[in-house]
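> Fold the following and give me the result.
(chains A and B)
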Amino acid sequence: MQAKQYIRERFFPHMWCAGCGHGIVLNSLLRAVDQLGLDKNNVVMVSGIGCSARISGYVDFHSLHTIHGRALAFAAGVKFSKPELKLIVPMGDGDALAIGGNHFIHAARRNMDITAIVMNNRIYGMTGGQFSPLTGVDKNTSTTPFSNIDNSFDTVELATAAGATFVARTTTYHVLEMTALLKKAIEHKGFSVIEILSQCPTQYGRKNKEGDAPAMLDHFREMTAKADSEKIKKNPGLISRGIFVDRSDKPEYCEQYEKIIQKAQKAIKGKQ
Amino acid sequence: MNKNIKFVQGNEACVEGAIYAGIDFFAGYPITPSTEIAELLSRRLPQKGGKFVQMEDEIASVCAILGASLTGHKVMTATSGPGFSLKQEAIGYACMAEIPCVIVNVQRGGPSTGNPTHVGQGDINQARWGTHGDHSIIALTASNHQDVFEMTIEAFNLAETYRTPVILLFDEAVGHMREKLVIPEKNEIPIVNRLRTALKKGVDYHPYLPREDGRLPMSDFGGDHRYNVTGLLHDMWGFPSNDPKVVKGLLHHLNDKISNNIHRITRYKEHYLEDAEYILISYGSSARTAIHIAKNRRARNEKLGVLELQSLWPFPKEMVREKCRNAKAVLVVEMNMGQVLAQVKACIDRPETVFLANRIDGELITPSDVKSILRVIQGRGV
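Numbering: from 1, shown residues only, chains lettered A, B, ... in the order given. Got it, this is the predicted structure:
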């Protein structure tokens, strides 16, 4: 694959720190788009605010860098007004699940054909390392100087309960798996969520003594296992990776609305 | 003559105006007293092949219309006080990213939850400065249903012309009152459609490079030109920039495109204004009271007239100054604590001759409310 085919060189160098996992996500995402053979004119990438959100500017698709937490609401407007477009919405953990939590659960409930990528580095990186709803109890951040007492969401459970019709999880260590899952998420008809554990050595890693980027990647390998694998059965404390929801029984929103248009127009004709 | 005559609420007149202007996308959230706009459009839009969506909150509604505008659609959302507050960040985004859209605020009593089912005009300053940072905005208003219809069309036209959000500041009394509306034939009122770039595929398109006339041709998302839209200060490609020259240039462009065209944007009506010694300045439902008084006083040969403002932002300073030049006194009639009063005082030659007749208790301002102030100003006792 020619990565240059999909990036805006004018926009580089990117603003991510050395060792940041978000570049790995960008790489896998472009591979997924390339392997799916998507027409760049048909892809719209919508993002919010944060380190993760900058990904939309680097790609040569239609790109909409919006306001904090609202990427999915903007994406709903783009998709609903022009359903033939492919919507990819990369978000950080704070962007997607704190300030954007309401839009996240309602997007899942509505089931519009949008792919949401939660790039979970468990921290607000751009503002200097404050805790997010995915940081975890007992972790250290710049706003929990005496350790964190805030409980976490489980992105997969939340998305599943809210009605997302495709839910998956992987990490930046598992790059080939990431590409394969992103392909499935993008191809899925309906609201798809893929959580990608991504390392932030500058903020989260440093504050929690997890070492440099390679050490954090190694940690992703150790702390996760494939869903339903022998390894996870023996070690229930590990985080499972893979596909958790993949259903086609729930109708897609834009397709349903086409039926509403037909009903509305039939009612007018009936009157005439 | 085959005019379509209706007996409707003001909110319905707004919907008719939006349909006439070519709306094809609406996102909203229920809130009194604007809800009828969403209800009516949930029926009308799919009938014409357009899209209606009720979002999860006020913020999502305004964000959704901005997304839909970028795919080339004419978009609107409608709300009232608290919802208007919630939408402010996204309105600033629309200013910065120059996304055409119409935002209706059917005003109720404020602040906070306030007086939801009663009339108010307390959001005039919020319409101008609700979102942070130096920015420009256009806000229109109307006092009767024919004007609600026409100002709604104007709002869509101005949004497309200047690539800006346009606020429609109606109020509860106009929104819920019923009166006659005549819907003109197609093409009787000119419609401004999206200005799209003529650049072919492969030619470098600059989404944020104004033409000589200041307008910026757009390209729909999904089309041949792929570009970046951001709320960050940006260059002509839409790429984020903090280069001081780019920052200053963009801020000037965003503000100048409105202020340089104030004479083209200004909308107003004169009622008995010629040779008037006393001028009532008003807008929205309170203008109806002012016009009623002027009509009666003229019958008694009293030189009193009304300047009815239909565009509140950018505030038509020169026009107001000119019209009031020979007035003995100016009385601003409004239902807030003097928001337009402050603008009038700031722009006319003798601010000491400007007075306020207002009402802020949720009731429509009556002729006797205004007449009691007028008596004092005219030196006819208390």
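> Local confidence estimate at B:D147?
As summarised for this prediction, B:D147 has a pLDDT of 98.
> which secondary structure elements does the helix or strand where it lies contact?
Assessed by DSSP states H and E, B:D147 sits inside helix B:145-162. Applying 3 or more CB pairs under 8 Å, 6 or more residues apart in numbering or on different chains; DSSP states H and E, we find helix B:145-162 packed against helix B:10-21, strand B:101-109, strand B:138-140, strand B:165-171, strand B:178-183. In short, each C-beta sits where N, CA and C put it, glycine included.
> Adding mean pLDDT and mean neighbour count, write the ones you listed out as TSV.
Written out in TSV, the entries for the helices and strands packed on helix B:145-162 read as follows (pLDDT from 0 to 100; neighbours: other CB atoms under 10 Å in any protein chain shown):
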stretch	mean pLDDT	mean neighbour count
helix B:10-21	98	26
strand B:101-109	98	28
strand B:138-140	98	25
strand B:165-171	98	29
strand B:178-183	97	15
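> closest to A:D60 out of these?
The minimum distance between A:D60 and the helices and strands packed on helix B:145-162 falls on strand B:101-109, with 26.5 Å, by CB to CB.
> and the angle for that closest one with helix B:10-21?
Using axes from the mean of the first three to the mean of the last three CA atoms, to 10 degrees, the direction of strand B:101-109 lies 170 degrees away from that of helix B:10-21.
> Given strand B:101-109, what are its sheet partners and their directions?
Here strand B:101-109 is paired, per DSSP bridges, with strand B:75-79 (parallel), strand B:115-119 (antiparallel), strand B:165-171 (parallel).
> CA-only coordinates of that strand, as CSV, when you get a sec.
Output for strand B:101-109, consisting of C-alpha atoms alone and laid out as CSV, is shown next (Å, rounded to 0.1, in the frame of the first residue of the first chain):
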residue,chain,number,x,y,z
CYS,B,101,-27.4,27.5,8.6
VAL,B,102,-30.6,29.1,10.1
ILE,B,103,-31.2,28.9,13.8
VAL,B,104,-34.7,29.9,15.1
ASN,B,105,-35.1,31.2,18.6
VAL,B,106,-38.7,31.7,19.6
GLN,B,107,-38.0,33.8,22.6
ARG,B,108,-39.7,33.2,26.0
GLY,B,109,-39.1,34.8,29.4
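> State the distance from the residue nearest to A:T224 when sequence neighbours are not counted to chain B.
By the measure of CB to CB, 6 or more residues apart in numbering or on different chains, the closest residue to A:T224 outside its immediate chain neighbours is A:I239, 4.6 Å from it. With distances taken as CB to the nearest CB, to the nearest Å, A:I239 is found 29 Å from chain B.
> Distance check, A:I239 against A:E222.
10 Å (CB to CB, to the nearest Å).
> More neighbours: these two, which one.
Between A:I239 and A:E222, A:I239 has the larger neighbour count (other CB atoms under 10 Å in any protein chain shown), namely 16 against 9.
> on that earlier part again, in CSV: the helices and strands packed on helix B:145-162, plus distance to A:M45.
Rendered in CSV, the data for these read as follows (distance: least, CB to CB, whole Å):
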stretch, distance to A:M45
helix B:10-21, 30
strand B:101-109, 21
strand B:138-140, 30
strand B:165-171, 24
strand B:178-183, 41
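> out of these, which comes closest to B:R44?
Each of the helices and strands packed on helix B:145-162 has some distance to B:R44 by CB to CB; the shortest is helix B:10-21, at 6.1 Å.
> show me what contacts the nearest residue to B:P210 once chain neighbours are set aside?
Nearest non-adjacent residue to B:P210, counting by CB to CB, 6+ apart: B:L216, 5.2 Å away. Under the criterion of CB atoms under 8 Å, 6 or more residues apart in numbering or on different chains, the contact partners of B:L216 comprise B:98, B:163, B:195, B:207-210.
> what mean pLDDT would you report for stretch A:149-164?
For stretch A:149-164, the per-residue pLDDT averages 98.
> Need the contact partners of that stretch.
A:93, A:96-97, A:104-106, A:108-109, A:111, A:116, A:118, A:120, A:131, A:133-137, A:144, A:167-169, A:190-193, A:195, A:244-245, A:250.
> what's the angle between the helix holding B:D147 and strand B:165-171?
Orientation check (the same axes, to 10 degrees): helix B:145-162 against strand B:165-171 gives 170 degrees.
> Give me the angle between helix B:145-162 and strand B:178-183.
Orientation check (the same axes, to 10 degrees): helix B:145-162 against strand B:178-183 gives 50 degrees.
> what separates helix B:145-162 from the chain centre, distance-wise?
When distances are taken as CA atoms, centre = their mean, to the nearest Å, helix B:145-162 is centred 8 Å away from the chain's centroid.
> before we move on, back to that, between the strands paired with strand B:101-109, which one is nearest to B:G222?
For the strands paired with strand B:101-109, the distance to B:G222 is smallest for strand B:75-79, at 15.5 Å, taking CB to CB.
> Thank you, goodbye.
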